[in-house]
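**Student:** Below: sequence and its predicted model.
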Amino acid sequence: MIQKLFPLDKNYILRQAQSVLEEELIDRMVFELKRSYTYLYNPLLLMDTTYAQILDTFDFPRERARLIYRQLCGIYRYKHGDNQLEMLFDGRTHLEKFQEDWSAVLIEYVCDLGSYEQYVKTMLRMTLLFDTESRAEWAENHCKAFINQHFDLKVVKRQGELRLKIG
């Protein structure tokens, strides 16, 4: 277990908020994925086998969606990396505020990403239209790369250390 030097550091509380909401927001990501598919590929809501499978699938490999969720969590923490807690005067705790802020931003992120065919296709391949592990792994790698490109981030490995860079 990692010992926290500053237990009230904003990033610890933000990670906790993101962790608490993980399952709920993964479900929301999948809901938004279904909406994005409908908007991009089936705006007339014509029922075919693929569309029916997408709408009717609720049991899928959540680990794949979890990886994308956690990638978006990291991007948010990186982009909002200041560690100063603000004064709250509305009676909410910082955890509650961060949960609310993170939920709103994640929905914004996935709605924005959902306007791109590459994101929608890769997310579908690794979740709702999952058929083989190798295809899902390929889709996951492409999805992660697309997200990094979309947010203009680069993952740099140096001496066993991962770092994010903008641009």
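**Tutor:** Received, thanks. Residues are numbered from 1 along each chain as shown.
**Student:** what about Leu14, neighbour count?
**Tutor:** The local packing count at Leu14 equals 23, with neighbours defined by other C-beta atoms under 10 Å. In short, each C-beta sits where N, CA and C put it, glycine included.
**Student:** Quick check: the gap between it and Ile147.
**Tutor:** Look at Leu14 and Ile147: by C-beta to C-beta, to the nearest Å, they are 19 Å apart.
**Student:** same thing with Glu86?
**Tutor:** The span separating Glu86 from Ile147 equals 28 Å under the rule C-beta to C-beta.
**Student:** again, but for Asp82
**Tutor:** In terms of C-beta to C-beta, Asp82 sits 23 Å off from Ile147.
**Student:** do Gln16 as well
**Tutor:** As judged by C-beta to C-beta, Gln16 and Ile147 stand 23 Å apart.
**Student:** Same drill for the two, tell me which one is more crowded.
**Tutor:** Between Gln16 and Ile147, counted using other C-beta under 10 Å, Ile147 has the larger neighbour count: 20 against 14.
**Student:** Nearest the geometric middle of the protein, what residue?
**Tutor:** Tyr69 (2.9 Å; C-alpha atoms, centre = their mean).
**Student:** That one falls within a helix, correct?
**Tutor:** Yes. The secondary structure assignment for Tyr69 places it in a helix, going by DSSP: H, G, I helix; E, B strand; the rest coil.
**Student:** so what's it up against?
**Tutor:** For Tyr69, the contacting residues are 22, 25-26, 29, 106, by C-beta atoms under 8 Å, 6 or more residues apart in numbering.
**Student:** switch the cut-off to 7 Å
**Tutor:** Listed by C-beta atoms under 7 Å, 6 or more residues apart in numbering, the contact set of Tyr69 reads 22, 25-26, 29.
**Student:** Is Val155 inside a helix or a strand, and which specific one?
**Tutor:** Take DSSP states H and E as the rule and Val155 turns out to sit in strand 153-158.
**Student:** so for stretch 80-100, what's the average pLDDT?
**Tutor:** Confidence over stretch 80-100, taken as the mean pLDDT, stands at 83.
**Student:** Endpoint to endpoint, it covers what distance?
**Tutor:** Across stretch 80-100, the straight-line distance between its terminal residues is 15 Å, by C-alpha to C-alpha, to the nearest Å.
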